[in-house]
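1. based on what follows, work out the 3D shape:
(chains A and B)
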There are 2 protein chains.
Amino acid sequence: MRISELGEATGVPVHTLKYYLREGLLMPGRATSRTRAEYGDEHVERVRLVRALVDQGGVSIAGVRAILDALDAPPPSRHDLYGVAACAMPTPAGDRPVDAVAVALVEDLGWQVSPDAPALHSLSAAVRAAEAAGVGLSPGLLRRYAEAMRGVADVDLTVAERASSPQEAMRTVVIGTVMVDPVLLALRRVAQEAVSARRA
Amino acid sequence: MRISELGEATGVPVHTLKYYLREGLLMPGRATSRTRAEYGDEHVERVRLVRALVDQGGVSIAGVRAILDALDAPPPSRHDLYGVAACAMPTPAGDRPVDAVAVALVEDLGWQVSPDAPALHSLSAAVRAAEAAGVGLSPGLLRRYAEAMRGVADVDLTVAERASSPQEAMRTVVIGTVMVDPVLLALRRVAQEAVSARRA
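-> Numbers count the residues shown, from 1 in each chain, chains lettered A, B, ... in the order given. Predicted structure coming up:
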C-alpha cells in the first residue's frame, strides 16, 4: 500500500507518518520509484504500536525509540530480560541517589535487585513525591504494597515465559509493562470500590 | 508571610502562585492592606499539595480543582468514600460504554461495583489500548491482575480506616490514590527484576 493508504489503515495523518519515518520510529517502505514507496502489514503494526505507546502509554518520542531499539536487539538469553528491558524502558529516574528506604525495602524482602536499577531510582523519587504531598509511606506500608505488586510481577513473568522466542519475550516484557500499567491503575480503583463496599 | 516569602518557602515562582490564586487552587491570604496579603502554614501546605499533584501525579489543573473540592466537601459517612472519591478524581474515562470484558470481570470476581463507575470506563479504555498495541489480555489474565490489585486496595482501605475524621479519610483516599500510583508502578518494575532473578 502507499503512504496515504497506510494513513487510512491506521487513522494516522500522512504528515505524522512522515515524521515517524524521519525520527526512525517507522522503517522505510520498499521504494517503487524515486518518490514512492510500498508499505505492508508490518508497517501497519508498527504504526499502531507507536500510537499506543505515545497516546495511551504516555511515552515520549525518545522513549519510543529506546523501546523499539530494545525490541530490535533482544538479549541472547532470557536470564536478564527484565534487567535489559528495565534499562531500555523510559523511567522518570532522576539523578539523585537511591534512598535508604528503597534499599532497606529490597533487603527486607530478600529481593535480588541490582543496586543501580532504574526502578529503584523511580521508587525513591515516587516515595519522596508522595511524602511532599503529605502521604507518608512507612516501611511496613511500603512492604505491603511491594508484596501485592510482586503478585503482579508473577503474572508478568508467566506471560513472558510463554513467549516462543527471545524476540517475542522481549516484546512482551517491554510493551506489556508499559501498556498494562494503566490497566493496573484502573483495576486498583475498581478494587477500592469493591473492597470499600464489602467492608461497609 | 508575604507572597514572595511563600514563593521562597515552597520553591514556586510568584507568578505561578498568582495563577493558583486566580484559578482557585490556593485560598486567598488575609488582606493586610489594599495590595498586600499575609499567608500562613496552610498556604505552604496547599502549594506543596498542588505541586505534587501537578508535577508528580500528572493531574491537570481541572483535576486538581476537582480533588480540592472533594477534600473541602467530604461525604457525611465513610460508607461511600471511594465512590465519591472516584467520581472526584481525574480519570481518563472517555465516553464509550463500558466493555463487556470489564463487566464480566467484575461479575466473575463477585465485586460490588457501580456499573457506571468511572474506573470501569478507564479499565475498558486501558484494555482496548493494550490490545491495539498487541498486548492481549484474556479474561484469565485480567482476573489474576485484578486479584493482585485487590491486595493493593486492601492496604489502601486499611490506611483510610485509620484516619481520625471523614475529612482526613477523604484526603487519604484522594491524595493517597493519586500519589501512590507512581510508587506502585515503580514497585512493579523492582518486583519484575526480583522475580526474574529468582526464576533464572
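
2. can you give me the helices in chain A?
-> Applying DSSP state H to chain A gives helices spanning A:3-10, A:14-23, A:41-51, A:61-72, A:81-88, A:100-109, A:118-132, A:139-161, A:166-199.

3. any part of the third one near chain B?
-> Yes. Using CB under 8 Å from any CB of the partner chain, helix A:41-51 reaches chain B at A:E45, A:R48, A:L49, A:R51. C-beta here means a position set from N, CA and C on the backbone, and glycine is covered the same way.

4. just the fourth one next, same as before
-> No. Figure legend: helix A:61-72 not in contact with chain B (CB under 8 Å from any CB); closest approach 10.6 Å.

5. what's the angle between that helix and helix A:41-51?
-> Relative orientation of helix A:61-72 versus helix A:41-51 (axes from the mean of the first three to the mean of the last three CA atoms, to 10 degrees): 140 degrees.

6. any idea how far helix A:61-72 is from the chain center?
-> 10 Å (CA atoms, centre = their mean, to the nearest Å).

7. give the other helices and strands that that helix contacts.
-> Identification of packing neighbours for helix A:61-72 by 3 or more CB pairs under 8 Å, 6 or more residues apart in numbering or on different chains; DSSP states H and E yields helix A:81-88, helix A:166-199.

8. now those in CSV, with mean neighbour count, mean pLDDT and distance to chain B?
-> As requested, the helices and strands packed on helix A:61-72 are arranged in CSV below (neighbours: other CB atoms under 10 Å in any protein chain shown; pLDDT from 0 to 100; distance: least, CB to the nearest CB, whole Å):
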stretch, mean neighbour count, mean pLDDT, distance to chain B
helix A:81-88, 23, 63, 4
helix A:166-199, 22, 86, 4
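
9. need those in TSV with distance to A:M149, can you?
-> Output for these, formatted as TSV (distance: least, CB to CB, whole Å):
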stretch	distance to A:M149
helix A:81-88	14
helix A:166-199	9
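
10. so which of those gets nearest A:A119?
-> Shortest distance between A:A119 and these, using CB to CB, is found for helix A:81-88: 5.8 Å.

11. what sits against the residue lying closest to A:L6 once chain neighbours are set aside?
-> Excluding the flanking residues, the one nearest A:L6 by CB to CB, 6 or more residues apart in numbering or on different chains is A:Y39, at 4.6 Å. A:Y39 sits next to A:M1, A:R2, A:I3, A:E5, A:L6, A:G29, A:R30 when contact means CB atoms under 8 Å, 6 or more residues apart in numbering or on different chains.

12. how near is A:A73 to A:V159?
-> Distance of A:A73 to A:V159, computed by CB to CB, to the nearest Å: 21 Å.

13. more crowded one of those two?
-> A:V159 (19 against 11; other CB atoms under 10 Å in any protein chain shown).

14. name the helix or strand of chain A that has the lowest mean pLDDT.
-> In chain A, no helix or strand scores lower on mean pLDDT, DSSP states H and E than helix A:81-88, which sits at a mean of 63.

15. ok, now how distant is the residue sitting nearest the centre point of chain A from B:V14?
-> Geometric centre of chain A, nearest residue: A:V178, 2.5 Å, by CA atoms, centre = their mean. Going from A:V178 to B:V14 by CB to CB gives 38 Å.

16. circling back: between the helices and strands packed on helix A:61-72, which one is nearest to B:L68?
-> Smallest distance to B:L68 across the helices and strands packed on helix A:61-72 (CB to CB): 19.2 Å, for helix A:166-199.

17. how distant is the closest one from the center of its chain?
-> On CA atoms, centre = their mean, the centre of helix A:166-199 falls 12 Å from that of its chain.

18. over to stretch A:13-30?
-> 22 Å.

19. buried stuff in that stretch?
-> Buried residues in stretch A:13-30, counted by 16 or more other CB atoms under 10 Å in any protein chain shown: A:T16, A:L17, A:Y20, A:L21, A:L25, A:L26, A:G29.

20. B:A133: which of those residues is nearest?
-> Closest to B:A133, out of all of these and judged by CB to CB, is A:L25, at 13.7 Å.

21. excluding chain neighbours, what is closest to the closest one?
-> Per CB to CB, 6+ apart, closest to A:L25 is A:V50, 5.2 Å.

22. residues near that neighbour, how many?
-> There are 25 residues near A:V50, going by other CB under 10 Å.

23. likewise for A:R128?
-> A:R128 - counted by other CB under 10 Å - has 17 other residues nearby.

24. then A:I67?
-> A:I67 has 26 nearby residues by other CB under 10 Å.

25. right, and it touches A:V54 too?
-> No. Using CB atoms under 8 Å, A:I67 is not in contact with A:V54; the gap is 10.8 Å.

26. so who does the residue nearest to A:M149 when sequence neighbours are not counted touch?
-> Leaving aside its chain neighbours, A:M149 sits nearest to B:L187 (4.1 Å; criterion: CB to CB, 6+ apart). Applying CB under 8 Å, 6+ apart, we find B:L187 in contact with A:L123, A:Y145, A:A146, A:M149.

27. lowest-confidence entry in these?
-> Lowest in pLDDT among the contacts of B:L187 is A:L123, which has 92.

28. you'd agree that one is up against A:A104?
-> No. With contacts counted by CB under 8 Å, A:L123 stays clear of A:A104, the gap being 11.6 Å.

29. which one of the two has more residues nearby?
-> A:L123 (31 against 13).

30. who touches that one in this structure?
-> A:L123 neighbours (CB under 8 Å, 6+ apart): A:V98, A:A102, A:L105, B:V183, B:A186, B:L187, B:V190.

31. could you rerun that using 6 Å?
-> Counting by CB atoms under 6 Å, 6 or more residues apart in numbering or on different chains, A:L123 touches A:A102, B:A186.
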